[in-house]
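**Student:** Coordinates only, no sequence provided:
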DNA sequence: TTTTTACTTTAAAATCGTTCTAAACTACTT
DNA sequence: AAGTAGTTTAGAACGATTTTAAAGTAAAAA
Ligand SMILES: [Mn+2]
Ligand SMILES: [Mn+2]
Ligand SMILES: [Zn+2]
Ligand SMILES: [Zn+2]
């Protein structure tokens, strides 16, 4: 499926700007990135895009399930092209995230889900410090 | 151990402002809160404090291990008085966090820690949606 | 106890990430 | 082709957090 189809599939118009972003983000190579990271990459690909458009697109892509947003206590929003349920290592010093595939962690015992709610995803974060 | 001792223990001067905050946060009742939540509580206790001081103190308290900061993709930083390793339910709609005690989750299989790093804490987040 | 020193608080300004506004533009429908 | 709804944009606005620099306070030294 090409990028135009991917966008249409989720109900997004394949505008020039969304196609530029899709080309960068939906190429199958998973990554974690910020809005600013993406703008730099757009710039260095010879294109340019308003930061408002980048935020608009990222929000649409996220709400349509094309990307995810990572839970992070950093100031800046971090996005993730890996939309499968998976987990992360976090280098607490640098903020770098490393994917852990879902099968690499086994949750043996889970607590009871509160009444009236359903589990909509489990994320494990393993924080890392440099060995001394 | 009283609050003055708790502050001295971690190398913080027990100033008037830090004692006010300690009285609110270090009373044994665990909670999740923002800087603004805390300022409101300070105000309604008949005191007042500059927002800069509140941020200064929260950062010091966090860096000294008296409180933790939660990994959250919300705009506003969320702090936690529960400093034991534990986990959370997250109501994705409201942002509400509910503690899950460490024993309630059993991680059966863990991935290998990357070379040169040590595990400095595991956090599980269980996202919740309202049942339809 | 007084003096000195380093640390802390504060209001206000600055900064930074993100969202809003409103006008111009573009994709899709008829 | 014309109409309509959705999109992009620069720039303004916003909200959370940090910085500034001056005044205040706690601890250490004398
Ligand atoms: Mn955050
Ligand atoms: Mn943010
Ligand atoms: Zn990831
Ligand atoms: Zn908690």
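**Tutor:** Everything's here; your move. Just so it is clear, the model here is predicted, and its values are computed rather than measured. Ligands and ions are numbered 1, 2, ... in the order given.
**Student:** Only C-alpha atoms from now on, for both contacts and neighbour counts.
**Tutor:** OK.
**Student:** ok, residue A:104 to residue B:75 distance?
**Tutor:** When distance is defined by Cα to Cα, to the nearest Å, residue A:104 is 31 Å away from residue B:75.
**Student:** domain parsing for chain A?
**Tutor:** Following automatic domain parsing, one finds the domains of chain A at A:3-69, A:84-128.
**Student:** Quick one, which of these gets closest to ligand 1.
**Tutor:** domain A:3-69 (11.0 Å; Cα to the ion).
**Student:** which ones are touching the closest residue to ligand 1 within chain A?
**Tutor:** Nearest residue of chain A to ligand 1 (Cα to the ion) works out as residue A:73 at 4.2 Å. Applying Cα atoms under 8 Å, 6 or more residues apart in numbering or on different chains to residue A:73 gives the contacts B:69, B:70, B:71, B:72, B:73, B:77.
**Student:** quick one: secondary structure of it?
**Tutor:** Under DSSP: H, G, I helix; E, B strand; the rest coil, the three-state class of residue A:73 is coil.
**Student:** The longest helix belonging to chain A close to DNA strand C?
**Tutor:** If you go by DSSP state H, chain A has its longest helix at helix A:51-63. Yes. Using Cα under 7 Å from any atom of the strand, helix A:51-63 reaches DNA strand C at A:51, A:52, A:55, A:56, A:59.
**Student:** How about stretch A:86-93, which residues are buried there?
**Tutor:** A:86, A:87, A:88, A:89, A:90, A:91 (16 or more other Cα atoms under 10 Å in any protein chain shown).
**Student:** Show me the contact partners of it.
**Tutor:** The contact list for stretch A:86-93 (Cα under 8 Å, 6+ apart) reads A:96-102, A:123-129.
**Student:** now check that stretch, is it near DNA strand D?
**Tutor:** No. Counting by Cα under 7 Å from any atom of the strand, DNA strand D is not contacted by stretch A:86-93; separation bottoms out at 14.9 Å.
**Student:** Strands along chain A, start to end?
**Tutor:** All strands of chain A, identified by DSSP state E, fall at A:32-33, A:68-69, A:79-80, A:87-91, A:97-100, A:106-109, A:117-130.
**Student:** what separates the closest residue to residue A:100 other than its chain neighbours from DNA strand D, distance-wise?
**Tutor:** Counting by Cα to Cα, 6 or more residues apart in numbering or on different chains, residue A:100 lies nearest to residue A:87, which is 4.7 Å off, once chain neighbours are set aside. Distance of residue A:87 to DNA strand D, given as Cα to the nearest atom of the strand, to the nearest Å: 24 Å.
**Student:** per-residue pLDDT, residue A:87?
**Tutor:** Predicted confidence (pLDDT) for residue A:87: 98.
**Student:** who's in contact with the residue at minimal distance from the centre of chain A?
**Tutor:** Residue closest to the mean C-alpha point of chain A, counted by Cα atoms, centre = their mean, is residue A:80 at 1.7 Å. Contacts for residue A:80 (Cα under 8 Å, 6+ apart) come out as A:30, A:31, A:32, A:33, A:67, A:68, A:69, A:70.
**Student:** tell me what the helix or strand bottoming out on mean pLDDT in chain A is packed against?
**Tutor:** The helix or strand of chain A with the poorest confidence is strand A:106-109; it has a mean of 92 (mean pLDDT, DSSP states H and E). Strand A:106-109 sits against strand B:106-109, with contacts defined as 3 or more Cα pairs under 8 Å, 6 or more residues apart in numbering or on different chains; DSSP states H and E.
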